[in-house]
Each structure stands twice: as structure tokens, then as C-alpha cells.
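**Q** I need the structure of the sequence given here:
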Amino acid sequence: DPGFMENVVRWEEIPERPAQYCPFPETLNPRLREPLEKRGIHQLYTHQAHAITEILQGHDVVVVTPTASGKTMCYNLPVLSEILQNPDARALYLFPTKALSADQVSELYEMIQEMHVDIKTYTYDGDTPGAARKAIRQAGHIVVTNPDMLRSGILPHHTKWVKLFENLKYIVIDEIHTYRGVFGSNLANVLRRLERLCNFCGSHPRYILCSATIANPKELAETLTGRPITLIDDNGAPMGERNFVFYNPPVVNAQLGIRRGAMQETRRLSGLLLKNGIQAITFARSRLTVEVLTRYLKDMVRDPLGNSGRVRGYRGGYLPTERREIERGLRAGKVDAVVSTNALELGIDIGGLDACVICGYPGTIASAWQQAGRAGRRKVPPEMWFVIREDELTMIFWKL
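**A** Purely as a prediction, here's the structure:
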């Protein structure tokens with residue numbers, strides 16, 4: 001499209017990368033291989049095997065690989081292996097958002113069901129019903145929560161969590177690149193409180209940390225935990241060819257140098273994807289922008305009966321049941337377009353999206369990579385586009 005290419009200021013190609021494999025570590029419990037082989041997993045990526053080996057040898061590790069590289073298995077497999085070996089063992093998972101917690105629990109629960117073992121996994125956050133909280137405190141092998149709930153709902157009531165603190169073997173912290181600045185400092189202090197309680201109860205848990213690609217993962221992990229950390233960054237996951245295209249909206253007033261607004265261009269490009277049946281996610285910086293863009297896109301596909309279920313909005317403030325419904329719709333292919341705040345930025349498995357449009361610079365390079373990583377998560381032959389506006393940075397990522 002000549003009109004589109006007039007505004008392209010940079011085109012960057014990232015070549016395809018093949019996978020690098022390693023056999024299952026001998027220290028991994030053999031009962032875990034059957035459910036993995038049912039899913040077609042007969043060997044691990046190099047970073048997964050390296051991380052599992054280090055963890056089972058008793059080391060604290062931080063795994064740093066790109067999006068969709070299978071970091072979840074780096075902590076799920078050693079945790080499940082430990083619990084299978086010792087049924088009294090416990091693990092605590094910390095995720096920055098409720099959506100990510102729900103997604104990880106769902107995947108972990110499926111794997112446990114396939115093994116036909118009694119490993120109880122629960123989410124403990126603000127959405128957890130009161131009736132379920134007592135059962136989680138008494139019987140939960142893997143407790144999934146967030147830093148705020150750990151600070152306000154678990155540590156002050158540690159006498160009710162004695163079973164957890166006495167047998168805690170692993171503390172898993174995912175997406176550690178989000179814990180920067182004051183938020184990161186607060187988490188570091190919460191972890192110090194947690195360690196004091198564990199030491200008082202006689203347990204000495206090990207840390208498993210994961211992060212998107214950042215410049216100083218080892219330094220950040222050691223600052224958060226106060227311990228020496230082993231860095232795992234030998235990524236073995238495959239990746240299809242990608243094309244990053246930097247895009248500037250057209251000038252509407254040459255004398256003043258004014259360009260067309262980011263929202264208008266996002267609306268046009270997202271609408272183009274929607275009309276061509278390309279499943280896409282659009283990120284916006286504010287809830288208001290999310291609602292406006294959602295309304296625009298819904299009007300484009302509304303049928304004579306007024307139905308526009310192919311387009312959904314996603315942001316904080318929605319009911320938990322509604323958020324889970326949208327996530328399932330994306331995975332099942334029933335939703336063609338979703339407009340979201342950074343609530344869907346982190347490593348949630350929302351299926352094989354073909355495109356990602358970002359309206360406004362997310363604030364950090366790590367966030368930009370994370371949001372772009374929601375698309376192209378499956379290794380496919382066709383190439384993909386990624387478009388960015390230089391000022392307020394509008395991005396688009398799609399498959400031809």
C-alpha cells in the first residue's frame with residue numbers, strides 16, 4: 001500500500017531461529033514425562049533443561065528468555081518433581097497480576113490432572129471466595145498469589161499459614177522486570193519478611209525467578225532477594241521470522257509540523273486487520289482510550305441484530321468472570337479483536353494472535369517487547385509486521 005509505505009521510517013527484519021534441545025534431566029521425577037509426552041514434548045529446550053538441573057541441585061536461579069519461550073516449565077517441572085518426591089513440600093507463586101495468576105493455575109491444573117496425583121493448586125487473591133480460603137491455608141501444595149496479597153493477606157496472618165511456612169521449598173516470582181523502582185523496593189522488603197518467617201518455622205526456600213529480556217537480570221534478582229543468583233539465559237526456543245516496521249502517521253499541517261493523532265491511526269490500522277480476519281490485540285495507555293477504540297471497532301462489525309461479540313475490551317474493573325471469558329474466547333478463536341490496557345501485557349497465553357497494535361509508547365522497552373510478544377507466539381512460516389510511531393509510538397504487528 002503506497003499510502004502506508006510513505007509513512008514507514010524503518011523496517012527491521014529478525015531472521016528465523018531454530019530450536020535447540022536437551023534431554024530431560026536425570027534428576028527430574030520420571031512421572032512427569034508421561035503428561036509431557038502426551039503433549040508431544042519429548043525433550044526440553046536448552047534453557048529449560050539447564051534451569052531445571054540448577055534448581056534441583058539446590059541453586060537459586062533467574063531465567064531470562066524472550067516471550068513464548070516456555071519459561072513456565074522452568075519452574076513448574078522442578079516444583080512438581082519436589083512435591084511428588086515429598087508430599088509435604090509447599091511452593092509459593094507470586095505473579096504481578098490476577099490475569100496471569102489465573103492463566104498459570106489453569107495450565108498447571110491441567111498437567112496435574114493428567115498425572116492423576118493429589119497435588120492441590122489454588123489461587124489466593126482478592127477474587128478467592130471466603131469459603132475456599134481456609135482450605136487453601138490448610139491443604140494447598142502450590143499457593144498462587146500476588147505481592148499485595150502476600151503483604152496484606154498472608155504475612156500478617158502467618159499463624160494460620162504454619163503448614164505453608166514450615167514446608168516451603170520454592171518461592172517462584174515471575175515477570176520480575178515489573179518490580180522496579182518503589183514497587184520493587186517494597187517487594188524486596190516483603191520478601192525479607194517472608195524469609196524471616198520461614199527461618200523461624202524451620203524452612204529455607206529457594207528462589208526461582210523469571211523475566212523478559214532486560215539488561216541486568218542477575219543484578220535485579222540479587223537485589224530483590226538478597227542472595228547470589230544463577231543466571232539462565234541460553235534461550236533454546238524457536239522463533240519464526242519477524243519484521244519490525246516503524247511507522248509515523250501522516251502530516252496534516254506541514255507549517256506547524258502536526259501529524260494525525262495516534263488514536264485515529266490505531267483505529268484505522270486495527271480496523272484494517274479486523275476487516276481482513278486477522279486476529280489482533282490492541283494496547284492503549286488509558287482505560288478511556290480502550291473504551292473509545294472498542295466502541296469504534298464494534299461499530300465496524302455490528303450485525304443487523306446489534307451483535308458485536310467479535311470485538312471485546314479488556315481492562316481493570318471488569319468482573320473476574322468476564323475477564324476469564326475474554327481470555328477463553330481469544331484462545332478458542334471466538335474473539336477477533338481485543339482492546340486492552342497493559343492488563344494483558346504479561347505472559348498470559350491468549351492463543352496464537354497474528355497482530356499487536358500499540359497506541360502510545362508503553363513507557364519502557366521491556367513493556368514494548370512484552371506487548372509485541374502477545375502476537376506471533378506460534379512458529380509459523382508467514383512473515384509478520386510490527387509498526388511503531390516515533391513520537392507517541394503506535395505499533396502494529398501482523399502476519400501476511
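**Q** Is Glu241 in contact with Ile14, as I believe?
**A** Yes: using C-beta atoms under 8 Å, Glu241 is in contact with Ile14, at 6.9 Å. C-beta coordinates here come from the backbone N, C-alpha and C atoms, glycine included.
**Q** how would you label the residue at the greatest distance from the centre of the chain: helix, strand or coil?
**A** Distance from the C-alpha centroid of the chain peaks at Gln255, with 43.9 Å (C-alpha atoms, centre = their mean). Classification of Gln255 using DSSP: H, G, I helix; E, B strand; the rest coil returns coil.
**Q** mind checking pLDDT for it?
**A** pLDDT recorded at Gln255 is 86.
**Q** same thing with Arg302?
**A** Arg302 is given a pLDDT of 80.
**Q** what's the nearest residue to Leu273 if we skip its chain neighbours?
**A** Spatially, and ignoring its direct neighbours in sequence, Leu273 is nearest to Ala280 (4.5 Å; C-beta to C-beta, 6 or more residues apart in numbering).
**Q** which phi and psi does that neighbour have?
**A** Phi and psi for Ala280, reported as degrees, to the nearest 10, are phi -140, psi 160.
**Q** For it, give the beta-bridge partners.
**A** Assessed by DSSP bridges, Ala280 has beta-bridge partners Ala337, Ala355.
**Q** Checking Val335 next. Helix, strand or coil?
**A** Quick answer, by three-state DSSP: Val335 is coil.
**Q** Which stretches in the stretch 251-400 of the chain count as strands?
**A** 251-253, 258-259, 280-284, 311-314, 337-340, 355-359, 384-388, 394-399 (DSSP state E, counting those that start in this stretch).
**Q** for the last one, what is the average pLDDT?
**A** The average of the pLDDT scores along strand 394-399 is 45.
**Q** swap in the fourth one?
**A** In this model, strand 311-314 carries a mean pLDDT of 88.
**Q** Can you give the contact residues for that strand?
**A** 274, 290-291, 294, 297-298, 300-301, 323, 326, 329, 335-341, 343-344 (C-beta atoms under 8 Å, 6 or more residues apart in numbering).
**Q** now, which of those lie within helices?
**A** 274, 290-291, 294, 297-298, 300-301, 323, 326, 329 (DSSP state H).
**Q** Check those and tell me the two furthest apart.
**A** The most widely separated members of the ones in helices among the contacts of strand 311-314, counting by C-beta to C-beta, are Met300 and Arg323 (23.5 Å).
**Q** show me where pLDDT drops low in this structure?
**A** 99, 304-306, 347-352, 376-400 (pLDDT under 70).
**Q** Now Lys298: closest residue in space that isn't a chain neighbour?
**A** Lys298 sits nearest to Ser308 (C-beta to C-beta, 6+ apart), 3.8 Å away.
**Q** So what's the residue count around the one you found?
**A** 16 (other C-beta atoms under 10 Å).
**Q** That one and Arg302 touch, don't they?
**A** Yes: taking contacts as C-beta under 8 Å, Ser308 lies within contact range of Arg302: 4.5 Å.
**Q** now Lys38: how far from Leu32?
**A** Applying C-beta to C-beta, to the nearest Å, the value for Lys38 to Leu32 is 11 Å.
**Q** These two: who's more crowded?
**A** Leu32 (20 against 10).
**Q** correct me, but that one touches Pro78?
**A** No: taking contacts as C-beta under 8 Å, Leu32 lies outside contact range of Pro78: 9.6 Å.
**Q** overlap in contacts of those two?
**A** In contact with both Leu32 and Pro78: no residue, using C-beta under 8 Å, 6+ apart.
**Q** before we move on, the earlier item: write the ChimeraX selection for whichever of the contacts of strand 311-314 are buried.
**A** Here is the ChimeraX command that selects the buried residues among the contacts of strand 311-314 (16 or more other C-beta atoms under 10 Å):
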select :274,290,294,297,298,301,323,326,329,335,336,337,338,339,340,341,343,344
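**Q** which residue ranges form the helices in the stretch 51-200 of the chain?
**A** In chain order, the stretch 51-200 of the chain shows helices spanning 71-85, 98-115, 130-139, 147-149, 162-167, 181-201, with DSSP state H, counting those that start in this stretch as the criterion.
**Q** Pull out the buried positions in the first one.
**A** Of the residues in helix 71-85, those buried by neighbour count under the rule 16+ other C-beta under 10 Å are 71-84.
**Q** same deal with the fourth one?
**A** For helix 147-149, the buried set under the neighbour-count rule, 16+ other C-beta under 10 Å, comprises 147, 149.
**Q** contacting residues around it?
**A** With C-beta under 8 Å, 6+ apart, helix 147-149 has contacts from 94, 96, 124-126, 179, 186-187, 190.
**Q** want to try a markdown table for these, with distance to Asp1 as columns?
**A** Below are the contacts of helix 147-149 laid out as a markdown table (distance: C-beta to C-beta, whole Å):
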| residue | distance to Asp1 |
| --- | --- |
| Leu94 | 45 |
| Pro96 | 38 |
| Tyr124 | 50 |
| Asp125 | 45 |
| Gly126 | 46 |
| Tyr179 | 42 |
| Asn186 | 48 |
| Leu187 | 46 |
| Val190 | 51 |
